[in-house]
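> no letters, just coordinates:
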Ligand SMILES: [Zn+2]
Ligand SMILES: [Zn+2]
């Protein structure tokens with residue numbers, strides 16, 4: 001099972017800031033990432049779901065296992 005790294009902190013779990021941005025090596029730890037609550041995992045894009053995302057659906061949304069399965073079932077409904 002694969003985990004998707006949080007897009008906001010690139011899976012670090014913390015936000016790093018720099019004065020100049022880009023490749024500026026002078027960065028500091030600006031605190032815990034709010035998007036993933038410091039876990040470094042991307043959470044499910046489904047509204048109201050805070051499970052860890054484990055895959056992408058065909059719409060490019062990162063969903064947890066349950067939501068992926070639900071989405072797949074809906075996608076194949078007649
Ligand atoms: Zn994060
Ligand atoms: Zn979910």
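Noted; the coordinates are in hand. Note that the coordinates shown come from a computational prediction; the quantities given were computed from them, not determined experimentally. Ligands and ions are numbered 1, 2, ... in the order given.
> from now on I want contacts and neighbour counts done on CA atoms only, so please keep to that.
Fine.
> what packs against the helix or strand that contains residue 71?
Following DSSP states H and E, the helix or strand that holds residue 71 is helix 65-75. Contacting helix 65-75 under the criterion 3 or more C-alpha pairs under 8 Å, 6 or more residues apart in numbering; DSSP states H and E are the following elements: strand 55-56.
> right, is the strand it packs on up against ligand 2?
No - for strand 55-56, no contact with ligand 2 is found by C-alpha under 5 Å from the ion; the gap never falls below 10.3 Å.
> which strands and helices sit next to that strand?
If contacts are counted by 3+ C-alpha pairs under 8 Å, 6+ apart, strand 55-56 sits against strand 62-63, helix 65-75.
> out of the ones you listed, which gets nearest to ligand 2?
helix 65-75 (4.4 Å; C-alpha to the ion).
> so does the closest one get close to ligand 2?
Yes - between helix 65-75 and ligand 2, judged by C-alpha under 5 Å from the ion, the touching residues are residue 67.
> so for the helix holding residue 71, mean pLDDT?
The average pLDDT for helix 65-75 rounds to 93.
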